[in-house]
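In: How does the following fold in three dimensions:
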Amino acid sequence: VDDWHAVDRSAMAQRAADLGAVDLRALDDAALVAHRDAALTLARDGLRIHFRLMMPLARRMHRLHRFVADELGWDDPTIATMLSGHSPATRAAADALTDLRARIRSVDGAVAALEAMPGRPIDALSRIDPSLADTLESWLAQHGWATINYDAGVPMLAERPTMVSRLLLADPDDPDHTAADEVAARARDALAPERRMEFDEALADARAIYPVRDDNTIIVGDRPSALLRKWMVEVGRRLVARGVLPASGDAAYLEVDELRAALAGGANVDLADRVAKRRGAEAWARAHPGPAYVGKQGSPPDTSRLPGPLRRVNEPILWLVSHEYPAPPTPPENADVVASGVPASPGVVEGPVRVNRGHGDMDRLCEGDVLVCQITSPAWAPLFALASAVVADGGGALSH
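Out: Predicted structure coming up:
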């Protein structure tokens with residue numbers, strides 16, 4: 001954790017920024033391949049850092065949850081509320097977008113320009129106030145290039161101009177970050193005086209580690225993956241121009257060695273056929289997803305007989321995984337209940353259901369919708385300004 005704050009975070013962010021600033025169109029084919037190698041090295045370095053940070057994250061969060069659960073009997077969603085709003089990485093995109101929305105509303109004609117040109121938000125704003133367009137470009141460079149589902153074949157937010165305009169025109173309620181301190185104060189008051197110091201230490205440790213979770217996911221995972229996406233888009237553009245592929249998006253269905261060979265001008269006569277077969281295989285797999293589980297999901301292994309140090313290592317990880325990927329709930333015997341699951345936060349809301357079965361459905365999300373999807377990631381944070389609620393097939397109370 002100390003390495004992350006002192007060295008790794010800034011180094012990884014700078015390397016990603018440097019690679020992201022490269023004009024890929026200005027590179028020749030050999031330099032473009034070298035750029036991809038540098039981006040892949042960055043992604044691999046990032047994965048090593050990410051998983052080094054998971055153990056201290058699990059240990060410190062587990063300490064807080066176990067203490068409060070043992071002392072007060074609280075459930076995990078309530079305890080997790082004490083950490084709400086303490087992830088600057090995911091708040092940064094939303095906070096900056098809130099500031100930009102306020103500026104747009106203060107400039108005459110800016111809202112009307114976006115409404116008239118939703119597919120070209122930068123051009124629309126530049127006609128009214130170039131500084132607004134510059135701010136949006138900066139926001140997209142920093143927050144718009146992050147993988148939505150860790151697949152470089154999926155367009156990023158920066159490639160979805162209509163969605164960007166929708167986000168700029170939205171008028172979401174300001175997030176309430178007071179609940180974290182209110183719940184923490186309620187917990188402290190409910191504890192015996194002699195237990196409050198241990199609670200204070202556990203809460204401080206959990207709040208100190210909690211920002212690292214999404215911070216490192218975005219910096220060491222999402223942004224390097226986005227660089228690979230940019231590279232793939234440029235390769236696809238060149239292959240389309242050379243008549244090798246019918247569409248630039250087809251590059252996502254080719255392996256790296258195939259793309260390299262195609263750039264070099266060799267072994268590309270059957271690439272379009274390979275793309276067609278792989279698109280068909282993907283379509284079949286999506287149409288036949290199969291069961292969520294094969295066989296019965298077993299209980300977590302018993303760690304009670306492990307030596308103390310091994311228990312302290314294994315229990316937090318098993319605890320975290322069991323809450324990120326909970327067993328399928330048993331629906332209650334109530335005809336009025338159409339769905340059941342694990343709550344991640346309190347509250348009740350009504351709105352049109354927007355089912356997202358794939359990345360192509362993301363552009364349909366409108367303000368006030370109840371987003372129903374398979375899973376989310378930190379890169380989705382800006383989109384939550386539109387959703388009144390989120391219901392996901394995967395994940396639990398302690399997921400991202």
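
In: thought Asn216 was touching Arg9?
Out: Yes - using C-beta atoms under 8 Å, Asn216 is in contact with Arg9, at 7.4 Å. Any C-beta I mention is one placed from the backbone N, CA and C, and that applies to glycine too.

In: Comparing these two, which shows the higher neighbour count?
Out: Under the neighbour definition other C-beta atoms under 10 Å, Asn216 and Arg9 were set side by side, and Asn216 has more, 25 against 18.

In: What residues of the helix or strand encompassing that one count as buried?
Out: Remark: Asn216 resides in helix 196-216, with elements defined by DSSP states H and E. Within helix 196-216, the residues that count as buried by 16 or more other C-beta atoms under 10 Å are 199, 202-203, 205-207, 209-216.

In: I'd like to know which of those residues is nearest to Leu24.
Out: Nearest to Leu24 among these: Asn216, at 26.0 Å, using C-beta to C-beta.

In: which residues does the closest one contact?
Out: Asn216 is in contact with Trp4, Arg9, Gly46, Ile49, His50, Leu53, counting by C-beta atoms under 8 Å, 6 or more residues apart in numbering.

In: wait, the last one sits on Asp2?
Out: To tie it back to what came earlier, the one meant is Leu53. No - contact criterion C-beta under 8 Å: Leu53 and Asp2 do not qualify, at 11.0 Å.

In: Counting neighbours, go ahead and name the busier of the two.
Out: Neighbours around Leu53 and Asp2, counted as other C-beta under 10 Å, are more numerous at Leu53. The numbers are 20 against 8.

In: SS state for the more buried one?
Out: Each residue gets one of three states, and Leu53 gets helix by DSSP: H, G, I helix; E, B strand; the rest coil.

In: Next one: it from Leu47, what distance?
Out: Distance, Leu53 to Leu47, by C-beta to C-beta, to the nearest Å: 11 Å.

In: shared neighbours, the two?
Out: Going by C-beta under 8 Å, 6+ apart, no residue sits against Leu53 while also sitting against Leu47.

In: What segments of the protein are strands?
Out: Along the chain, counting by DSSP state E, strands occupy 353-355, 370-373, 389-392.

In: Out of those, which one sits most buried?
Out: Between these, strand 370-373 has the highest mean count of neighbours, a mean of 20, where neighbours are mean count of other C-beta atoms under 10 Å.

In: contact partners of that strand?
Out: 349-356, 365, 383, 386-393.

In: do the same with stretch 124-136
Out: With contact meaning C-beta under 8 Å, 6+ apart, stretch 124-136 is reached by 100, 103-104, 107-110, 113-114, 116-117, 121-123, 164-165, 168.

In: circling back to that earlier point, select, out of the strands of the chain, the one closest to Asp257.
Out: Using C-beta to C-beta as the measure, strand 370-373 is the one of the strands of the chain that comes nearest Asp257, at 33.1 Å.

In: The closest one: partners in the sheet, and parallel or antiparallel?
Out: strand 353-355 (parallel), strand 389-392 (parallel) (DSSP bridges).

In: Least reliable of the ones you listed by average pLDDT, please.
Out: Confidence, taken as mean pLDDT, is least for strand 389-392 of those (a mean of 90).

In: for that one, the distance to its chain's centre please.
Out: Mean C-alpha position of strand 389-392 versus that of the full chain (C-alpha atoms, centre = their mean, to the nearest Å) differs by 14 Å.

In: Quick one: residues in contact with that strand.
Out: If you take C-beta under 8 Å, 6+ apart as the criterion, strand 389-392 is touched by 339, 341, 347, 349, 351, 370-376, 384, 399.

In: Which residue ranges of the stretch 251-400 of the chain form helices?
Out: According to DSSP state H, counting those that start in this stretch, the stretch 251-400 of the chain carries its helices in the segments 256-263, 271-287, 308-324.

In: Any chance of the ones you listed in a markdown table with mean pLDDT as columns?
Out: Converted to a markdown table, these look like this (pLDDT from 0 to 100):
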| stretch | mean pLDDT |
| --- | --- |
| helix 256-263 | 88 |
| helix 271-287 | 92 |
| helix 308-324 | 87 |
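
In: Tell me which of the ones you listed sits most buried.
Out: Mean neighbour count, computed with mean count of other C-beta under 10 Å, is highest for helix 256-263 among these, reaching a mean of 18.

In: Where does pLDDT dip in this protein?
Out: Flagging of the chain using pLDDT under 70 yields the residue ranges 266-269, 292, 328-329, 331-332, 334-335, 337-338, 400.

In: could you redo the last one with a cut-off of 80?
Out: 86-90, 147-152, 174-177, 266-269, 292-293, 296-300, 323-347, 358-360, 377-381, 394-400 (pLDDT under 80).

In: Identify the residues contacting stretch 49-69?
Out: 1, 4, 8, 12, 74-76, 79-80, 82-83, 187, 198-199, 202-203, 205-206, 208-210, 212-213, 216-217, 220-221, 312-313, 315-317, 319-320, 398.

In: Which positions within that stretch qualify as buried?
Out: 49-50, 53, 56-65, 67-68.

In: Now stretch 8-27 - C-alpha only, CSV.
Out: Once non-C-alpha atoms are left out, stretch 8-27 reads as follows in CSV (Å, rounded to 0.1, in the frame of the first residue of the first chain):
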residue,chain,number,x,y,z
ASP,A,8,3.2,3.0,-8.3
ARG,A,9,0.1,5.2,-8.6
SER,A,10,1.9,8.2,-10.1
ALA,A,11,4.2,6.1,-12.2
MET,A,12,1.3,4.1,-13.7
ALA,A,13,-0.8,7.2,-14.3
GLN,A,14,2.1,9.0,-16.0
ARG,A,15,2.9,6.0,-18.2
ALA,A,16,-0.7,5.7,-19.3
ALA,A,17,-1.0,9.5,-19.9
ASP,A,18,2.2,9.4,-22.1
LEU,A,19,1.0,6.5,-24.2
GLY,A,20,-2.5,8.0,-24.4
ALA,A,21,-1.0,11.3,-25.8
VAL,A,22,0.6,9.5,-28.8
ASP,A,23,-1.0,10.3,-32.2
LEU,A,24,-1.5,6.8,-33.5
ARG,A,25,-2.3,7.9,-37.0
ALA,A,26,1.1,9.5,-37.2
LEU,A,27,2.9,6.2,-36.6
